[in-house]
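Colleague: pasting the sequence and the predicted coordinates here, then a few questions.
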Amino acid sequence: MRAYTIEAGNKEDDLKQVDVGSRALGPRDVRVSIRAAALNYRDIQVRRGSYDDAGGKPIIPLSDGSGEVIEIGASVGRFAVGDRVLTTFFPRWIDGPISAEKTAAHYGANSDGILAQESVFDEDALAHAPSTLNDGEAATLVCAGVTAWNALFVQGAARPGQRILILGTGGVAIWALQLAVAAGLDPIITSSSDDKLAVAQSMGARDLINYRTVPEWQDEVTRITDGQGVDLVLEVGGENTLPRSIASTKAGGKVIVIGGLSGFGGASIEPHSLIVGAKTLTAVMVGSRSMLEDLGGFLDRTGVKPVIAREFAFDETKAAYDFLEAGRALGKVVIRVG
């Protein structure tokens, strides 16, 4: 069986394709033929050696995969051979609130991931794939899709008609835009690219802000919303954008931190900016298996399909990483495995 391995921070000699043996099944194990995998910005951080939970030894990378069940253990009850399945980001977080124990293990960083022709999982670490999505589309749900779902509808508790601000046009942001439009929310989106903003508008974004040409974009958000601000901000920028996100939020609104593309160490938050207006600042760490299942059901009901920026063959894995790292992708980058 062919697989890739990666050693965090060793970019000069990373992403080696190797032969690995097949693991024997335990009674609760499921063997999956991996059909597709999706990349996240976290995977670029692992490659660079800047992700906290990665390092120490070569591992099989990536967390987001879809595939077909080809063998099950004697005690497996949730799946049958032939079922289409998804991996989960945190194999121990089934449902309920987040905890340190539930999120201690996550594929492709501190343990082997899924970039292999087949993998073995505990049955609790898998979910059924939506019937309306193909393998490449389905793989994009695991991290980016669930993160957007959690931020909007679990932590954010967004309701139809509410105004939301989505920062950027990366994988999570585009997922959030699609889900927001399908759920009847009113999205504003930012980008440094007018071309990407035009695509976002075609997908249902009502208001667009180029943050390079409008650096004080929080003032533009205030103008667009008639001085009120938005109900919810999906914050991905980190230290360079968080104060502006807070300023863009209406009284009683929420800022959901889902990433930190500009870093985390230098943010200076004035407590007064939260107290005035009783604004809420919180965060999400992907989400649980039950959130993944809820997202899959929503997609089957609404017919929403994720935006795929580009698909790569298994042998083109390095090119897939380079493409995502270059920042050219609008939507998700997928690797066809099987």
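Modeller: Great, that's in hand.

Colleague: elements contacting the helix or strand hosting residue 190?
Modeller: In the assignment (DSSP states H and E), residue 190 maps to strand 186-191. Under the contact definition 3 or more C-beta pairs under 8 Å, 6 or more residues apart in numbering; DSSP states H and E, strand 186-191 sits against strand 163-166, helix 171-182, helix 194-202, strand 207-210, helix 217-224. All C-beta atoms are positioned from the backbone trio N, CA, C, and that covers glycine.

Colleague: in its sheet, what does the first one sit against?
Modeller: Listed by DSSP bridges, the sheet partners of strand 163-166 and their directions read strand 186-191 (parallel), strand 230-235 (parallel).

Colleague: report the angle between the last one and helix 217-224.
Modeller: This means strand 230-235. Angle of strand 230-235 versus helix 217-224, following axes from the mean of the first three to the mean of the last three C-alpha atoms, to 10 degrees, is 150 degrees.

Colleague: got the CA coordinates for strand 230-235 in PDB?
Modeller: Extracted in PDB, the C-alpha atoms of strand 230-235 (Å, rounded to 0.1, in the frame of the first residue of the first chain):
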ATOM      1  CA  VAL A 230     -22.800  43.000  12.000                       C
ATOM      2  CA  ASP A 231     -24.400  40.300  14.200                       C
ATOM      3  CA  LEU A 232     -21.500  37.900  13.700                       C
ATOM      4  CA  VAL A 233     -17.900  38.000  12.500                       C
ATOM      5  CA  LEU A 234     -15.900  35.000  11.400                       C
ATOM      6  CA  GLU A 235     -12.400  36.100  12.300                       C
END
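
Colleague: how distant is it from the center of its chain?
Modeller: How far strand 230-235 lies from its chain's middle: 17 Å, per C-alpha atoms, centre = their mean, to the nearest Å.

Colleague: hmm, who's touching it?
Modeller: 148, 151-152, 156, 158, 162-167, 172-173, 176, 188, 221, 241-242, 245-246, 248-250, 253-259 (C-beta atoms under 8 Å, 6 or more residues apart in numbering).

Colleague: just the buried subset of the residues you listed, written out for ChimeraX, thanks.
Modeller: Only the buried entries of these go into this ChimeraX selection, using 16 or more other C-beta atoms under 10 Å:
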select :148,151,152,156,158,162,163,164,165,166,167,172,173,176,188,221,241,242,245,246,248,249,250,253,254,255,256,257,258,259
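
Colleague: for the nearest residue to residue 315 once chain neighbours are set aside, grab the count of nearby residues.
Modeller: What sits nearest to residue 315 in space, not counting adjacent residues and going by C-beta to C-beta, 6 or more residues apart in numbering, is residue 17, at 7.5 Å. The local packing of residue 17 (other C-beta atoms under 10 Å) involves 13 other residues.

Colleague: equivalent analysis for residue 190, please.
Modeller: Neighbours around residue 190, by other C-beta under 10 Å: 29.

Colleague: now render the strands paired with strand 163-166 as JSON lines, adding mean pLDDT and distance to residue 214.
Modeller: Compiled in JSON lines, the strands paired with strand 163-166 are given as follows (pLDDT from 0 to 100; distance: least, C-beta to C-beta, whole Å):
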{"stretch": "strand 186-191", "mean pLDDT": "97", "distance to residue 214": "9"}
{"stretch": "strand 230-235", "mean pLDDT": "97", "distance to residue 214": "16"}
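
Colleague: single out the most deeply packed of those.
Modeller: A comparison of the strands paired with strand 163-166 by mean neighbour count, using mean count of other C-beta atoms under 10 Å, puts strand 230-235 on top with a mean of 28.

Colleague: what about the strands in the stretch 201-338 of the chain?
Modeller: For the stretch 201-338 of the chain, the strands defined by DSSP state E, counting those that start in this stretch cover 207-210, 230-235, 249-257, 280-283, 308-313, 332-336.
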